[in-house]
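Undergrad: all I have is the shape, not the residue letters:
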């Protein structure tokens, strides 16, 4: 229905309106400015309408102009608007032609027609194009505001319905995604259980069968790439193929962040394969199932696509593989467990070249490619369990850098390609070889240091120096000096001084031996040297120390009596 307002006079000089005109819009509606396009070939009318609207409804509209219908359509292609006010009679393209042109646009605006003619023919044509407002010139402020209020209410209703529909659609998509991912996780579900669960969903008609594909991006891009961007990659191809391809295709994300494409349109996957082959800047890989007849077999199709995607590990560039291409791979094999155990045993023995040679034999791509993908999976699992886990179980997780590498190689398929996996594992093995060697040296050094300290305690009262102790434990003099200091946090000379002074203090407090005799028993060459070292470490002379200890003992005895 068209609402027509007859107005008394067109006035450019606008008088203040009634305050009631300023309360047409709720706070929510007033938050965002509407975009409004005024289309009229007369400049005064365009400016007059703008002034009237901004006076009556300040801050509500972002207003732009067009001088005829063709100008308006060109502007709308560049910048859509919410509302359009247009004259009927204009040169080049009139208002009715403009309104007809709007029908072909997405998100067409709400339209208000201005005319100096109360012409039923115009009204009928406008009604056919769903125009709800038809104002007669000259314009009356109150009627213009009333018309804008009505159009605003229509826009709000449309937006509310659109928002609710979008929410409902998103909920349906999430429900579909949840149900399919549940089915993919449950390999124990039989076809009847799958049919019952998926039969309750609003799905495309796949009576002619379907294919399932999985698409992945490199890990760094996978994390940074939003779900919308991944879907846009697919949607661009669907848009090019037409509405039928879109109607017959489901797309959602699995738990690994891969894009799942389930399509009954036979031309989609060949089109995707072509796009993937042409990818230069964006790297993407795809694994696709065979054509499958029945939806309850979707778990089998998913397994085929997943398997095909796994084989893309052996390609560095963007790649798509179909399950049919992989059939017939050799499944009878024996994993090189003996070689993997040797790698573990040889770590830290100083035979890095032999260790790396064994590793290269174990993951030789020429051999790996002959067998089913489970062969490479078995090697990766054995390296994790027999080499890497074993090292950390025995020696602990001391190095943060090594620990990060250790965690990164746990999942073979977290890598974009085989070479990336190979280099990470190679680096980890070399670092572990060095790490284990250091840990063994530290262990051996600790044992030797304990032996040296025991020798010092047994021989402190004899002539003793660092050369004698390092020779005793068969260790290089310079290396012993450094290792001893690291182990005791003392130089050898200071450590020996403290042992000797400690023994002297015991004798001063518990015997009546002369001071020079105590110095000799503690290992000092002469009394002068003994006195100097004692004062250096204790701050008092040996005699002063003995007097202090005897006074403390006498005081203790008197208290006891």
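TA: Thanks, I have the structure now. In this text, all values refer to a predicted model and were calculated from it rather than measured experimentally.

Undergrad: distance of residue 257 relative to residue 216?
TA: 8 Å (C-beta to C-beta, to the nearest Å). To be clear about C-beta, it is placed using only N, CA and C from the backbone, and glycine gets the same treatment.

Undergrad: with neighbour numbers in mind, choose between the two.
TA: For residue 257 versus residue 216, the count of surrounding residues by other C-beta atoms under 10 Å is larger for residue 216: 22 against 14.

Undergrad: quick one: low-confidence ranges for the chain?
TA: For the chain, the stretches flagged by pLDDT under 70 are 1-31, 117-130, 219-225, 280, 397-400, 442-444, 559-561.

Undergrad: any idea how it splits into domains?
TA: The chain is divided into the following domains under the TED database: 34-158, 186-317, 337-438, 446-558.

Undergrad: after the top helix by length along the chain, which helix or strand is next?
TA: Using DSSP state H, we find that the single longest helix of the chain is helix 141-185. Going down the chain from helix 141-185, the next helix or strand is helix 191-198, by DSSP states H and E.

Undergrad: buried residues in that following helix?
TA: By 16 or more other C-beta atoms under 10 Å, the buried positions in helix 191-198 come out as 194, 197-198.

Undergrad: phi, psi for residue 460 please.
TA: As for residue 460, its main-chain torsions (degrees, to the nearest 10) stand at phi -60, psi -30.

Undergrad: what residues are up against it?
TA: Residue 460 is in contact with 496, 499-500, 503, 522-523, counting by C-beta atoms under 8 Å, 6 or more residues apart in numbering.

Undergrad: again, but for residue 285
TA: So residue 285 contacts 215-217, 276, 309, 312, 315, 318-320 (C-beta under 8 Å, 6+ apart).

Undergrad: give me that answer again for 7 Å
TA: Taking C-beta atoms under 7 Å, 6 or more residues apart in numbering, we find residue 285 in contact with 216, 309, 312, 318-320.

Undergrad: burial of residue 313, as a residue count?
TA: Going by other C-beta under 10 Å, the residues that sit close to residue 313 add up to 20.

Undergrad: can you start the count at 4 instead of 1 from here on
TA: Sure thing, new numbering starts at 4, so read that last one as residue 316.

Undergrad: from residue 320, how far out is the nearest residue to it once chain neighbours are set aside?
TA: Nearest-residue entry for residue 316: residue 421, 5.4 Å, with adjacent residues in sequence omitted and distances by C-beta to C-beta, 6 or more residues apart in numbering. Distance, residue 421 to residue 320, by C-beta to C-beta: 13 Å.

Undergrad: neighbour-wise, which of these two wins?
TA: Of the pair residue 421 and residue 320, residue 421 is the one with more neighbours under other C-beta under 10 Å, namely 19 against 12.

Undergrad: which stretches in the stretch 4-153 of the chain count as helices?
TA: Counting by DSSP state H, counting those that start in this stretch, the stretch 4-153 of the chain has helices at residues 30-33, 46-59, 72-81, 98-105, 123-131, 144-188.

Undergrad: do the same with the stretch 404-553 of the chain
TA: Ranges of helices in the stretch 404-553 of the chain, per DSSP H, counting those that start in this stretch, are 421-462, 469-475, 480-491, 495-513, 518-524, 530-541, 545-563.

Undergrad: could these go into CSV alongside distance to residue 304?
TA: Written out in CSV, the entries for the helices of the stretch 404-553 of the chain read as follows (distance: least, C-beta to C-beta, whole Å):
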stretch, distance to residue 304
helix 421-462, 26
helix 469-475, 72
helix 480-491, 62
helix 495-513, 73
helix 518-524, 90
helix 530-541, 82
helix 545-563, 90
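
Undergrad: which one of the ones you listed lies nearest to residue 103?
TA: With C-beta to C-beta as the measure, helix 421-462 is the member of these nearest residue 103 (57.6 Å).

Undergrad: against which helices or strands is the closest one packed?
TA: helix 355-365, helix 392-398, helix 403-411, helix 469-475, helix 480-491, helix 495-513 (3 or more C-beta pairs under 7 Å, 6 or more residues apart in numbering; DSSP states H and E).

Undergrad: packing partners of the first one?
TA: Helices and strands touching helix 355-365, as assessed by 3+ C-beta pairs under 7 Å, 6+ apart, comprise helix 340-349, helix 421-462.

Undergrad: wait, which of the ones you listed is closest to residue 174?
TA: Ranking these by their distance to residue 174 (criterion: C-beta to C-beta) puts helix 421-462 first, at 38.7 Å.

Undergrad: centre of the chain to that closest one, how far?
TA: From the chain centre to the centre of helix 421-462 is a distance of 36 Å (C-alpha atoms, centre = their mean, to the nearest Å).

Undergrad: what do you get for stretch 106-121?
TA: The offset between the C-alpha centroid of stretch 106-121 and the centroid of the whole chain comes to 47 Å, using C-alpha atoms, centre = their mean.

Undergrad: what's that stretch in contact with?
TA: Outside of stretch 106-121, the residues that reach it under the criterion C-beta under 7 Å, 6+ apart are 79, 83-91, 98, 102, 105, 125, 129, 132, 134, 136-140, 150, 154, 157-158.

Undergrad: out of the residues you listed, which are buried?
TA: Of the contacts of stretch 106-121, these count as buried by 16+ other C-beta under 10 Å: 79, 84-91, 98, 102, 105, 125, 129, 132, 134, 136-140, 150, 154, 158.

Undergrad: what's around residue 464, how many residues?
TA: For residue 464, which is what you asked about, the neighbour count (other C-beta under 10 Å) is 14.

Undergrad: who's in contact with it?
TA: Neighbour list for residue 464: 524-526 [criterion: C-beta under 7 Å, 6+ apart].

Undergrad: top of those residues by neighbour count?
TA: residue 525 (23 neighbours).

Undergrad: now do the contacts for the residue lying closest to that one once chain neighbours are set aside.
TA: Ranked by C-beta to C-beta, 6+ apart and with sequence neighbours excluded, the top spatial neighbour of residue 525 is residue 507, at 4.1 Å. Residue 507 makes contact with 521-522, 525, 537, 545 under the criterion C-beta under 7 Å, 6+ apart.

Undergrad: output those in a markdown table; the columns should cover distance to residue 170.
TA: Converted to a markdown table, these look like this (distance: C-beta to C-beta, whole Å):
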| residue | distance to residue 170 |
| --- | --- |
| 521 | 93 |
| 522 | 93 |
| 525 | 89 |
| 537 | 87 |
| 545 | 91 |
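
Undergrad: among these, which ones are buried?
TA: Among these, those buried by neighbour count (16+ other C-beta under 10 Å) are 521-522, 525, 537, 545.

Undergrad: for the residues you listed, which one is nearest residue 344?
TA: The shortest approach to residue 344 among those belongs to residue 525, at 54.9 Å (C-beta to C-beta).

Undergrad: doesn't residue 503 make contact with the closest one?
TA: Yes. With contacts counted by C-beta atoms under 7 Å, residue 525 reaches residue 503, the gap being 4.5 Å.

Undergrad: whichever strand or helix holds residue 214: partners in the sheet, and parallel or antiparallel?
TA: Taking DSSP H and E as the criterion, residue 214 maps to strand 214-219. Note on strand 214-219: by DSSP bridges, its sheet partners are strand 262-266 (antiparallel), strand 288-291 (antiparallel).

Undergrad: pick the most deeply packed of these.
TA: Comparing the strands paired with strand 214-219 on average neighbours per residue, with mean count of other C-beta atoms under 10 Å, the densest one is strand 288-291 at a mean of 26.

Undergrad: distance to residue 72 for the strands paired with strand 214-219 - can I get that in CSV?
TA: Listed next are the strands paired with strand 214-219 as CSV, based on distance: least, C-beta to C-beta, whole Å:
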stretch, distance to residue 72
strand 262-266, 41
strand 288-291, 47
